[in-house]
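Novice: predicted model follows, preceded by the sequence.
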Amino acid sequence: MVWRHFLMLAKRNALLFLLVPMACGLGATLVAYYEFVTWDKSLNSYYGYKQSIPASLGAYAPYAFMEKGGMLDGYIIQLTRAIGREMRARIDVVSRKLDDTQESAIIRDVDVVLCMVKTPRTALHFDFTPPYAVNSLTLVKRKGVPTPLDYHDELGTGRFVFNRDGVYHDLHGAELTNVGMAANAEEALRLIDEGAYDYTILENYIAQRILGMINLENVEIAGDTRELVEYSFAIRKKNPDLYRIFANGLRSLQESGEFDRIQTRWVEERFLISKSARNTILTSIMIGAGISLAVLVLFFLWTSLLQEEIGIRTAELSSEIGVRKRTEAQLLTNQAQLIQADKLAAIGTLASGIAHEINNPNGLLSLDISFLKRFGVDLLRTLDEHRIADDTPFAGIPYSMLRVHLPSLIADMEVASTRIGEIVDDLKDFARPDSTRWGAVFSINEPVRSALRLLEHTVRKTTDHVDVDLAEDLPPISGSSQKVEQVLVNLIVNACQALQRRDQSIHIATRWNAEADEVLFVVRDEGCGIPEENIPLLRDPFFTTKRESGGTGLGLSISDTIVKAHGGSMEIESQPGAGTTVTLRLPANRSGDGNEQVS
């Protein structure tokens, strides 16, 4: 089956299968050409060079290093070979070890040291060209010890260690006292890592390279010391012709721009690509290209199989267009309902803000009424003491009548202000996000009373007959009082909206079913009722019979979810024209281990 598809793919994409091997061959050709044009001719014979110059190395990577095959490479090597080509002189680089000290270079019988720092001692034996590189000295410390503001203050404390083959030792070795000595930079860093010393000073590139190669968890670079060292070609004294070769060659490379290209490649770039590393990268690229081509072929094969599957699926989908259209219509309806629900949520937020704004002036009224109440008592007592005549008018009211009605007027104002405060508090409690714990223990009568206070205006506007019968000594229930209040508000609002006349009544009651150990909440209205076929759909999201009046169909769905979360159930009984009865059954809490008691 797969091979059949592969052959079909090959026929359809014959040009692609021809281009793939051609691309591979072209890539191999380009790689070979790149190797040819970048091949360093200085590694081969020196045909045409005028003279041969022996030179010592004395440097670290990236200035100079030895590859696995024994081939020298690096910034100084490339620069030296470029000078040789420019000046037509053969330069033989000899080095038994890359970490030879400058003292060894002085003793060794060589004409040139490729990388040397000018110090009073080396200046006795060598002449130095203008510097081809400048590096900074870096302070390296053990982790946890403080970085000194001036490291010179710590030099004589015995906390420093220096490598004998380092530039700092060559520059300041005669001045160093009470310091540790190591054979090389790596040994100095290991002594710091082991806790024998706290500080050392190394060339920046050496510190970064060694710390990048070996894992020293307790060693870190503290920062530059602001001391710079210059690296130059060192030519043994009394060799003016040899000095001119290096000095003039260096100047010619700087003028032609070749010096900048070599320096950018090896020093200014923060990574190092040797020839062996370059070959490794090229090999990796070729392997990656081969894998990519294989993946490409498999992709086209998979595409062919997918196209066949898409054809089958398209035929199936064509028969489902009608269902999809009906689903889209339902989604549009649900979207409109969600928008309406969002509007209601926004109105709730606005109502909470308005309640807060009402509460501020109402608090001021409460304070003023309290003052007026005391003032009225004192005023009437004073007037009585002065025997004011009964017919003396106050604001058009005879004193005899004012004396009787003033206390009741102030009391009515106090009751009204208290009523405003209760309504505002209930509205704010209902609108704020539920922050109570679900393990709270409370009596169901409390959320019932809170819901009735909140809906008092709605109920009075709807009917003249409201019967509330709340049983006393009910066992507590466990859950969220605010969530239960939300359910009760929804059920009472539904009962009010079902009434068609003011003489129709609403009955609200709480009971205890001792046999099932359940607390019941019952709300019954004498409204229009619900058709029998709609009752199973009442708990479905977005199902509503009041869409024209702004119903969203979310109230009973959310209420049913809340009741089930409390371990209870909601029963709905209704007959068209005879009203509706909704019964909530919530399990009583007998353990007494709730998080908080609300009674």
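Specialist: Arrived safely, thanks for sending. What you see is a predicted model; the values in this text were computed from it and never measured.

Novice: going by C-alpha atoms from here, please, whenever you check contacts or count neighbours.
Specialist: Fine.

Novice: what stretches of the stretch 1-150 of the chain score poorly on pLDDT?
Specialist: Along the stretch 1-150 of the chain, the model assigns pLDDT under 70 to residues 1-71, 94-109.

Novice: Ala82: which element?
Specialist: Assessed by DSSP states H and E, Ala82 sits inside helix 75-87.

Novice: next structured bit after that helix?
Specialist: strand 90-94.

Novice: just the CA atoms of that following strand, as CSV, please.
Specialist: These are the backbone C-alpha positions of strand 90-94, laid out as CSV (Å, rounded to 0.1, in the frame of the first residue of the first chain):
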residue,chain,number,x,y,z
ARG,A,90,59.2,31.7,5.0
ILE,A,91,58.5,31.7,8.7
ASP,A,92,58.9,28.4,10.5
VAL,A,93,57.0,28.3,13.8
VAL,A,94,58.6,26.0,16.3
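
Novice: buried residues in that strand, which are they?
Specialist: Taking 16 or more other CA atoms under 10 Å as the neighbour-count basis, strand 90-94 is seen to contain the buried residues Arg90, Ile91, Val93.

Novice: how about stretch 238-249?
Specialist: Along stretch 238-249, these residues count as buried under the neighbour rule (16+ other CA under 10 Å): Leu242, Tyr243, Ile245, Phe246, Ala247, Gly249.

Novice: right, and the third one touches Arg88 too?
Specialist: This points to Ile245. No. Counting by CA atoms under 8 Å, Ile245 stays clear of Arg88, with 9.2 Å between them.

Novice: which SS class is the residue lying farthest from the centre of the chain?
Specialist: Relative to the C-alpha centroid of the chain, counting by CA atoms, centre = their mean, Ala389 is the outermost residue, at 81.5 Å. On the three-state scheme (DSSP: H, G, I helix; E, B strand; the rest coil), Ala389 is labelled coil.

Novice: wait, doesn't Ile530 sit right on Gln575?
Specialist: Yes. Using CA under 8 Å as the test, Ile530 is close enough to Gln575 to be in contact (5.9 Å).

Novice: could you chop the protein up by domain?
Specialist: As recorded under automatic domain parsing, the domains making up the chain are 2-38+283-309, 133-233, 347-432, 436-598.

Novice: quick one, strands of the stretch 151-300 of the chain?
Specialist: Using DSSP state E, counting those that start in this stretch, the strands found in the stretch 151-300 of the chain span residues 161-163, 180-182, 199-203, 219-236.

Novice: pairing partners for the first one, with directions?
Specialist: Pairing partners of strand 161-163, with direction, according to DSSP bridges: strand 180-182 (parallel).

Novice: hmm, who's touching the strand it pairs with?
Specialist: Applying CA atoms under 8 Å, 6 or more residues apart in numbering, the contact partners of strand 180-182 are Gly158, Arg159, Phe160, Val161, Phe162, Asn163, Arg164, Ala188, Tyr197.

Novice: any idea how far it is from the chain center?
Specialist: From the chain centre to the centre of strand 180-182 is a distance of 48 Å (CA atoms, centre = their mean, to the nearest Å).

Novice: so Ile410 lies in a helix, does it not?
Specialist: Yes. The assignment for Ile410 (three-state DSSP) places it in a helix.

Novice: how much space separates it from Ser417?
Specialist: According to CA to CA, to the nearest Å, Ile410 stands 11 Å off from Ser417.

Novice: give the residue spans of the stretch 351-500 of the chain that score low on pLDDT.
Specialist: Under the criterion pLDDT under 70, the flagged ranges of the stretch 351-500 of the chain are 351-357, 359-360, 422-423, 425-438.

Novice: please redo it, this time with the cut-off set to 90
Specialist: Along the stretch 351-500 of the chain, the parts satisfying pLDDT under 90 run over 351-442, 447, 450-466, 472-473, 478-491, 493-500.

Novice: now the helices for it?
Specialist: Ranges of helices within the stretch 351-500 of the chain are 399-431, 445-454, 456-462, 481-498, based on DSSP state H, counting those that start in this stretch.

Novice: remind me what the shortest one packs against, helices and strands.
Specialist: The reference is to helix 456-462. Using 3 or more CA pairs under 8 Å, 6 or more residues apart in numbering; DSSP states H and E as the contact test, the elements touching helix 456-462 are helix 481-498.

Novice: check the offset of the following helix or strand past the helix it packs on from the chain's centre.
Specialist: Beyond helix 481-498 on the C-terminal side, the first helix or strand identified by DSSP H and E is strand 505-513. Using CA atoms, centre = their mean, the mean C-alpha position of strand 505-513 is found 52 Å from that of the whole chain.

Novice: can you give me the buried ones in strand 505-513?
Specialist: By neighbour count, and taking 16+ other CA under 10 Å as the criterion, the buried residues in strand 505-513 are Ser505, Ile506, His507, Ile508, Ala509, Thr510, Arg511, Trp512.

Novice: can you tell me which of the helices of the stretch 351-500 of the chain is nearest to Val519?
Specialist: Taking CA to CA as the criterion, Val519 comes closest to helix 445-454 out of the helices of the stretch 351-500 of the chain, the separation being 10.3 Å.

Novice: run the angle between the closest one and helix 481-498 for me.
Specialist: Using axes from the mean of the first three to the mean of the last three CA atoms, to 10 degrees, the interaxial angle of helix 445-454 with respect to helix 481-498 works out to 50 degrees.

Novice: now do helix 445-454 and strand 505-513, the angle between them.
Specialist: Between the axis of helix 445-454 and that of strand 505-513 there is an angle of 170 degrees, by the same axes, to 10 degrees.

Novice: adjust the sequence numbering to begin at 384 for everything that follows.
Specialist: All right, first residue 384 from here; so that's helix 828-837.

Novice: show me what helix 828-837 is packed against.
Specialist: In this structure, helix 828-837 packs against helix 782-814, helix 864-881, with contacts taken as 3+ CA pairs under 8 Å, 6+ apart.

Novice: before I go, just wanted to say thanks for your time.
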